[in-house]
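Enquirer: Structure for the following, please:
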Amino acid sequence: MRARLLEATVDVLVERGFAGTSTTLVSERAGVSRGAQLHHFPTKNDLVVAAVEHLTERRGAELAQAVAALPAGGKRTRAVVTMLGDHFASPVFAAALELWVAARTDETLLAAVAPLEQRVGREAHRMTAAALGADESWPGVRELVQATLDLVRGLGLASTISDDSARRRRILHQWADVLDREMTRSR
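Expert: Next up is the predicted model:
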């Protein structure tokens, strides 16, 4: 039941945003009684904080699974960058964005979201560097990895407003070429 409530919370966050998320909507979506929902999560913030933790685990697992499925060889950088672009344009990322925005003005939510997002950021950076075969001991390589993550986050944010998948794909292909060129130069 707890897992159904957390998944329903993420779904409602994606569809309606933080402001439009209510415990009543989540209970209905999860197919559980309001009393059962209140037993597990007495307040909206309790529910959303638990959903933040759930979402963090889910995002990490999805990213690790995608990295494991990447091809080896000459097109690897493009595949890594495309995979990251897809991940950061997913509904799971949209739900995370809703929480980031809400946490900006809600101290309780911020206290839960900030440390989790720092952990996710470090893990995403580590996974990206490993997937790219990036040697961060070389000058500028760490910054290239971080620029890649910043780029895909920004493109993911843009995708919440409109479907710009064709533009995103072109940008990511160009960035993959830049990464290949610059990381080869750094070796």
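
Enquirer: Of all residues in this structure, which one is nearest the centre?
Expert: residue 93 (3.9 Å; Cα atoms, centre = their mean).

Enquirer: Give the residue farthest from the middle of the chain.
Expert: Max radial position in the chain (Cα atoms, centre = their mean) goes to residue 35, at 31.3 Å.

Enquirer: give me the element it is part of.
Expert: helix 34-40 (DSSP states H and E).

Enquirer: Which strands or helices does that helix pack on?
Expert: Under the contact criterion of 3 or more Cβ pairs under 8 Å, 6 or more residues apart in numbering; DSSP states H and E, helix 34-40 touches helix 2-16, helix 23-30. Just so you know, the C-beta spots here come from the backbone N, C-alpha and C atoms, and that holds for glycine as well.

Enquirer: tell me, which of these is the model least confident about?
Expert: Confidence, taken as mean pLDDT, is least for helix 2-16 of the helices and strands packed on helix 34-40 (a mean of 89).

Enquirer: Alpha carbons only: can I get that one in PDB?
Expert: Provided in PDB are the C-alpha atoms of helix 2-16 (Å, rounded to 0.1, in the frame of the first residue of the first chain):
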ATOM      1  CA  ARG A   2       2.800   2.400   0.900                       C
ATOM      2  CA  ALA A   3       4.500   1.800  -2.600                       C
ATOM      3  CA  ARG A   4       1.100   2.400  -4.300                       C
ATOM      4  CA  LEU A   5       0.800   5.700  -2.400                       C
ATOM      5  CA  LEU A   6       4.300   6.800  -3.300                       C
ATOM      6  CA  GLU A   7       3.900   5.900  -7.000                       C
ATOM      7  CA  ALA A   8       0.500   7.700  -7.100                       C
ATOM      8  CA  THR A   9       2.100  10.800  -5.500                       C
ATOM      9  CA  VAL A  10       4.800  10.900  -8.200                       C
ATOM     10  CA  ASP A  11       2.100  10.500 -10.900                       C
ATOM     11  CA  VAL A  12       0.000  13.300  -9.500                       C
ATOM     12  CA  LEU A  13       3.000  15.500  -9.100                       C
ATOM     13  CA  VAL A  14       3.800  15.000 -12.800                       C
ATOM     14  CA  GLU A  15       0.200  15.600 -13.900                       C
ATOM     15  CA  ARG A  16      -0.900  18.400 -11.600                       C
END
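
Enquirer: Going by neighbour count, list what's buried in it.
Expert: For helix 2-16, burial by neighbour count (16 or more other Cβ atoms under 10 Å) applies to 4, 5, 6, 7, 8, 9, 10, 11, 12, 13, 14.

Enquirer: just the helices in the protein please.
Expert: 2-16, 23-30, 34-40, 44-68, 76-87, 91-103, 107-132, 141-159, 165-186 (DSSP state H).

Enquirer: ok, residues contacting the second one?
Expert: In this case it means helix 23-30. If you take Cβ atoms under 8 Å, 6 or more residues apart in numbering as the criterion, helix 23-30 is touched by 1, 4-5, 7-9, 11-12, 16, 33-34, 36-38, 41, 43-44, 47.
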